[in-house]
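Novice: Got a sequence here, can you build the structure:
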Amino acid sequence: MSSRHDRWAELTGGQAGEEYARRFARLAESGHDVHGEATFCDALLERASRVLDAGCGTGRIAVRLATLGHLCTGVDVDRSMLAVARRDAPAQEWLHGDLAHLDSLGLEPGFDLALAAGNVIPLLAPATEAVVVRQLAAVLRPGGLLVTGMGLDAEHLPLAEPTVTLTEFDHWCAQAGLTLRQRFATWAGDAYLPGGGYAVSVHSRATP
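Specialist: Have a look, this model is predicted:
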């Protein structure tokens, strides 16, 4: 997420890490596939690609991508989430930081893919969304991918009403030099239909 004033912090108070981890553990134990985002991203990547998990939370996706052979860095502003990630995967790189100030973290550019899953974009601090998209685009190599998943209605968000439209999001991406390549309704690759409540989008950074 982006800062202590973001919508996620307002919802959780920055203390949701352990409960969030338990929730996904329960889903996995009950037979649910909790690796849809990682499987989706892995299919887009060459082996040993560099991945930035922006708003990584407890590290569920980054840890899975690492087991699939990728080099993953996780960034989040929620210390309770990062505490779980660092405990579960201490050898991976986990950075505490604000996505609106990603350039302050000293990341080496050239990532093959930046991921903002789990409603990261809709839960950012108001008026920082375009800045965050620019920051994410800036760390990608030419041809690198920005992959996002976001709810577009209250049914798919932990909020009373949506905060972002696809028109707005695509405009921010275009301003940041990103082009829409694919859009789906789920991480399983179901077709997105106009007016759908959830969108998984793949944008790419322009090549010289």
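
Novice: just checking, what packs against the longest strand belonging to the chain?
Specialist: Of all segments of type strand in the chain, defined using DSSP state E, the longest is strand 140-151. Here strand 140-151 is seen to pack against helix 36-42, strand 111-116, helix 129-138, helix 166-175, strand 198-205 when contacts are counted using 3 or more C-beta pairs under 8 Å, 6 or more residues apart in numbering; DSSP states H and E. (Each C-beta comes from the backbone N, C-alpha and C, glycine too.)

Novice: rerun that using 10 Å as the cut-off
Specialist: The contact analysis (3 or more C-beta pairs under 10 Å, 6 or more residues apart in numbering; DSSP states H and E) places strand 140-151 against helix 36-42, strand 50-54, strand 111-116, helix 129-138, helix 166-175, strand 178-184, strand 198-205.

Novice: what separates the fourth one from the chain centre, distance-wise?
Specialist: On the basis of C-alpha atoms, centre = their mean, to the nearest Å, the separation between the geometric centre of helix 129-138 and that of its chain is 12 Å.

Novice: remind me which residues of this protein are low pLDDT?
Specialist: Scanning the chain for pLDDT under 70 picks out the ranges 1-5, 7-34.

Novice: For the longest strand of the chain, which strands pair with it and how are they oriented?
Specialist: Strand 140-151 has its sheet partners listed here by DSSP bridges as strand 111-116 (parallel), strand 198-205 (antiparallel).

Novice: Okay, buried residues for the longest one please.
Specialist: Neighbour-count burial for strand 198-205, counted by 16 or more other C-beta atoms under 10 Å, picks out Y198, A199, V200, S201, V202, H203, S204, R205.

Novice: That strand versus helix 166-175: what angle between them?
Specialist: For strand 198-205 against helix 166-175, the angle by axes from the mean of the first three to the mean of the last three C-alpha atoms, to 10 degrees is 10 degrees.

Novice: if we can go back for a sec, identify whichever of the strands paired with strand 140-151 lies nearest to T186.
Specialist: Distance to T186, taken as C-beta to C-beta, is lowest for strand 198-205 among the strands paired with strand 140-151, at 6.6 Å.

Novice: quick one on the thing from earlier: what's the closest of the strands paired with strand 140-151 to D98?
Specialist: Once the strands paired with strand 140-151 are compared by C-beta to C-beta, strand 111-116 is nearest, at 13.7 Å.

Novice: ok so, going back, figure out how far the longest strand of the chain is from the centre of its chain.
Specialist: 9 Å.

Novice: Would you mark the buried spots in stretch 108-116?
Specialist: Using 16+ other C-beta under 10 Å as the test for burial, stretch 108-116 gives F111, D112, L113, A114, L115, A116.
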